[in-house]
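>>> Dropping a prediction and its sequence here:
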Amino acid sequence: MSIDKDKIKHTSKLARISLDEGKVDSLSKDLSNIFNFIEKLNKINTDKVEPLTSILNQTLRSRKDDITDGAIRDKVLGNAPKKNEEFFIVPKVIE
Amino acid sequence: MSNLSDKTLTELVGLIKSKQIKSEELTDEFITNSQKGKKLNAYITDSFDTAKDKAKQFDVKPNFDCLLPGVPLAVKDLFCTNGVKTTAGSKMLENFIPNYESTVTTNLWNEGAFLLGKLNCDEYAMGSSNETSFYGNVINPLEDKVVPGGSSGGSAAAVCANLTPATIGTDTGGSIRQPASFTGTVGLKPTYGLCSRWGIVAFASSLDQAGPMTKTVSDCALMLEAMCGFDPKDSTSIDKKKENYSKNLNKNIKGLKIGIPKEYRVDGMPNEIETLWEEGKKILKNEGAEIIDISLPHTEYALPTYYIVAPAEASSNLARYDGVRYGFRSNKGNNLIEMYENTRSEGFGDEVKRRILIGTYVLSSGYYDAYYLKAQKVRQLIKKDFDDSFKKVDAILTPSAPSSAFKIGEKKDDPISMYLNDVFTVPVNLAGLPAMSIPAGLDKNKLPLGLQLIGKPLAEQTLLNIAFSMEEKINFKLNINKWWEK
């Protein structure tokens, strides 16, 4: 299957990655090749096969809703590219 | 004592426990080797100063009642280390300093080891040659123009070149076993759920597992024992008692049934691989194992399945890198959305972008059933192939990779030929099984080739024992001339 430039542009919007024209071009070629390779899967009939959603023979554990940490605001903010004492700072969202 | 770094981890632990060497002496030697090994580009960040302090502290007040007393260890830069930069090989995390420690590294430190440094890897572990790292490619210690494999390429090179006594890597589609094969070292990917994923930078969460990379099988058993164990912080961690892999290591494999899958041959595979595979079978037979031909009919579909499942999970996992809470932020863009888009465009490298786009595409509206659901169904068939085979055999023997280490740049511009490197390792991740690569011999260019052993879920001890018995007979020796020190 060919993944044309429009599909690349649409997908990159969904993935929130900006791309210049050159990149759109090369990604269109790469992804078309990759999807041709992936489409080998259509050779197998899987109508009666259950999808595998977990490799483990166990159901996910639940735990008690206990508080195990907290009061770590400064740690959480520690790696922020932009912040003040209490908040992450982002470009203006509401005019 | 001289040339400590040539010794195995097991020997070094013995020397420390019997008080023949001090931790400081050992640590100094690995620091010196690592400093002389700069050309290999195996490290992204070093912790030499703190390692030296830890070694001194250990020598003042030693505790020998643990698995890795006073042992310095460098680890793949995908494990979060408290207070030490953790980059995942990406520009996105160039300045990221975690304030928490991954569970597996915590386990190693609780056994007496301490951090020597953080080792280079493909960006977010996406690669098979270590060429996607933002910090430059690692060089294979066995030959200067050759890749060490990937994604745990820095880890493999560091063990091979004696820059660390042992290390840990992560394996999503072969990232421990393929570089082990390319560098003549031992690498084990445990059963999914045996080692905690908590604190490891996530790539594809249903496939990712951490595991040891070492010089020998005994070292591998020791490291696995130290790093594994139940962790309530990882919801997919298996709740079971820790096994004594190193204590229970033995060479008795009499009566074990070993499967040889006919599908593990690909076009253009060098003759030497076939020959070493045959020799491996012969060794096992001589040790009293029974060789049985088996079939894993869906093997050819494993790579296409992987290249849907892994990118889909990656696109979801990597959505967190938005330039707001941590990591790189672009200063371009007039609003929040543009800030996100420019951050991710500038912060991620080409291979990571490629995989995020594949993943986003296969999960997008209208394509989900055709790709993602289809892949999950084929994954079921691949797992069933193994389930059926393990009714007849105890373990499976295959080559680790379809070639030896290739030249730097050789496959860089052809994603599919790069992906084909993982053709023998990927099925194991899809099925959640344990598998290890051990060095088997050399090809005509004197580069190492590995054999892979695949086991039943949680049968790590069986794998280690088979590998232990083969290792003695294969008697593989790395011939390293330390060209990088000249």
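Cool, got the structure.
>>> Find me whatever residue is spatially closest to B:Thr10, sequence neighbours aside.
Ranked by C-beta to C-beta, 6 or more residues apart in numbering or on different chains and with sequence neighbours excluded, the top spatial neighbour of B:Thr10 is B:Ser218, at 4.5 Å. The C-beta positions use only the backbone N, C-alpha and C, and glycine is treated the same way.
>>> ok, the most centrally placed residue in chain B to B:Asn481 distance?
The residue at the geometric middle of chain B, judged as the C-alpha nearest the mean C-alpha position with C-alpha atoms, centre = their mean, is B:Ile176 (2.2 Å). Applying C-beta to C-beta, to the nearest Å, the value for B:Ile176 to B:Asn481 is 26 Å.
>>> Please apply the same query to B:Gln452.
Spatial separation of B:Gln452 from B:Asn481 under the definition C-beta to C-beta is 28 Å.
>>> now do B:Lys56
On the measure of C-beta to C-beta, B:Lys56 and B:Asn481 end up 33 Å apart.
>>> out of the two, which sits in the busier spot?
A count of neighbours by other C-beta atoms under 10 Å in any protein chain shown puts B:Lys56 above the other of B:Lys56 and B:Asn481, at 13 against 9.
>>> Relative to chain A, how far out is the more buried one?
Distance of B:Lys56 to chain A, computed by C-beta to the nearest C-beta, to the nearest Å: 29 Å.
>>> Over to B:Glu25?
Going from B:Glu25 to chain A by C-beta to the nearest C-beta gives 36 Å.
>>> Spit out the contact partners of that residue.
If you count contacts by C-beta atoms under 8 Å, 6 or more residues apart in numbering or on different chains, B:Glu25 has them with B:1, B:4.
>>> and if we set it to 10 Å?
Listed by C-beta atoms under 10 Å, 6 or more residues apart in numbering or on different chains, the contact partners of B:Glu25 are B:1, B:4, B:15-16, B:55, B:59, B:70.
>>> Contact partners for residue 60?
Because you didn't say which chain, this covers chain A. The contact partners of A:Leu60, by C-beta under 10 Å, 6+ apart, come to A:54, B:235-236.
>>> I was after chain B.
So B:Val60 contacts B:23-24 (C-beta under 10 Å, 6+ apart).
>>> And it, how far from chain A?
Relative to chain A, and taking C-beta to the nearest C-beta, B:Val60 is found at 31 Å.
>>> what pLDDT does that residue get?
The predicted structure scores B:Val60 at 98 on the pLDDT scale.
>>> Ok, the one 5 residues further on next?
In the predicted model, B:Asp65 carries a pLDDT score of 97.
>>> what's near enough to touch it?
When contacts are counted by C-beta under 10 Å, 6+ apart, B:Asp65 is found next to B:17, B:112.
>>> Let me know the secondary structure of it.
Using DSSP: H, G, I helix; E, B strand; the rest coil, the structure places B:Asp65 in coil.
>>> same deal with A:Arg61?
Secondary structure of A:Arg61, per three-state DSSP, is coil.
>>> What distance do you get for it to B:Pro98?
Remark: distance between A:Arg61 and B:Pro98 (C-beta to C-beta) = 25 Å.
>>> Please report which of the contacts of A:Leu60 has the highest neighbour count.
Using other C-beta under 10 Å as the neighbour definition, the contacts of A:Leu60 reach their maximum at B:Thr236, which records 20 neighbours.
>>> Following element in sequence after the lowest-mean-pLDDT helix or strand in chain B, please.
Sorted by mean pLDDT, DSSP states H and E, the helices and strands of chain B end with helix B:415-419, the least confident at a mean of 89. Heading C-terminal from helix B:415-419, the first helix or strand you meet, by DSSP states H and E, is helix B:426-431.
>>> by contact count, what packs against that next one?
With contacts defined as 3 or more C-beta pairs under 10 Å, 6 or more residues apart in numbering or on different chains; DSSP states H and E, the secondary structure elements packing on helix B:426-431 are helix B:177-183, helix B:302-317, helix B:374-389, strand B:395-399, strand B:435-442, strand B:448-455.
>>> center of chain A, which residue is that?
The residue lying closest to the centre of chain A (C-alpha atoms, centre = their mean) is A:Ala15, at 6.9 Å.
>>> so who does that residue touch?
B:315, B:318-319, B:340-341, B:344, B:348, B:353, B:356-361, B:364.
>>> so which pair among the residues you listed is furthest apart in space?
B:Tyr340 and B:Ile358 (19.5 Å; C-beta to C-beta).
>>> neighbour count winner among these two?
Counting neighbours by other C-beta under 10 Å for B:Tyr340 and for B:Ile358 shows that B:Ile358 has the greater number, 28 against 24.
>>> how much space between the residue nearest to B:Thr10 and B:Gly455?
If you go by C-beta to C-beta, the gap between B:Ser218 and B:Gly455 works out to 18 Å.
>>> and the two? which has more neighbours close in?
Using other C-beta under 10 Å as the criterion, B:Ser218 and B:Gly455 rank with B:Gly455 on top: 26 against 21.
>>> Wait, that one touches B:Gly432, no?
No - contact criterion C-beta atoms under 10 Å: B:Gly455 and B:Gly432 do not qualify, at 11.4 Å.
>>> among the contacts of A:Ala15, which are in reach of chain A?
By C-beta under 10 Å from any C-beta of the partner chain, the members of these lying near chain A are B:315, B:318-319, B:340-341, B:344, B:348, B:353, B:356-361, B:364.
>>> Sort out which of these are in helices and list them.
Residues from the ones next to chain A among the contacts of A:Ala15 lying in helices, with DSSP state H as the criterion: B:315, B:340-341, B:344, B:353, B:356-361.
>>> Now render those as CSV, adding pLDDT.
As requested, these are arranged in CSV below (pLDDT from 0 to 100):
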residue, pLDDT
B:Ser315, 98
B:Tyr340, 97
B:Glu341, 98
B:Arg344, 98
B:Lys353, 98
B:Ile356, 98
B:Leu357, 98
B:Ile358, 98
B:Gly359, 98
B:Thr360, 98
B:Tyr361, 97
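>>> those strands in chain A, which residues are they?
Counting by DSSP state E, chain A yields no residue ranges for strands.
>>> Which helix in it has the most residues?
helix A:21-38.
>>> list the helices and strands it packs on?
When contacts are defined as 3+ C-beta pairs under 10 Å, 6+ apart, helix A:21-38 sits against helix A:5-14, helix B:302-317, helix B:350-363, helix B:415-419.
>>> re earlier: quick check, nearest of the contacts of A:Leu60 to B:Glu243?
Proximity of these to B:Glu243 (C-beta to C-beta) peaks at B:Thr236, which lies at 18.8 Å.
>>> Let's verify that closest one: helix, strand, or coil?
Here B:Thr236 takes the coil state, with states given by three-state DSSP.
>>> What does it show for phi and psi?
With angles defined as degrees, to the nearest 10, B:Thr236 sits at phi -100, psi 10.
>>> picking up where we left off before, of the helices and strands packed on helix A:21-38, which shows the lowest average pLDDT?
Of all these, the segment with the smallest mean pLDDT is helix B:415-419, scoring a mean of 89.
>>> Mind listing what's buried along it?
Along helix B:415-419, these residues count as buried under the neighbour rule (16 or more other C-beta atoms under 10 Å in any protein chain shown): B:415, B:418-419.
>>> quick one: which of those residues is nearest to chain A?
For chain A, the closest of these turns out to be B:Pro415, at 5.7 Å, with distances computed as C-beta to the nearest C-beta.
>>> For the residue sitting furthest away from the middle of chain B, give its distance to chain A.
Relative to the C-alpha centroid of chain B, counting by C-alpha atoms, centre = their mean, B:Asn334 is the outermost residue, at 41.3 Å. With the distance defined as C-beta to the nearest C-beta, B:Asn334 ends up 7 Å from chain A.
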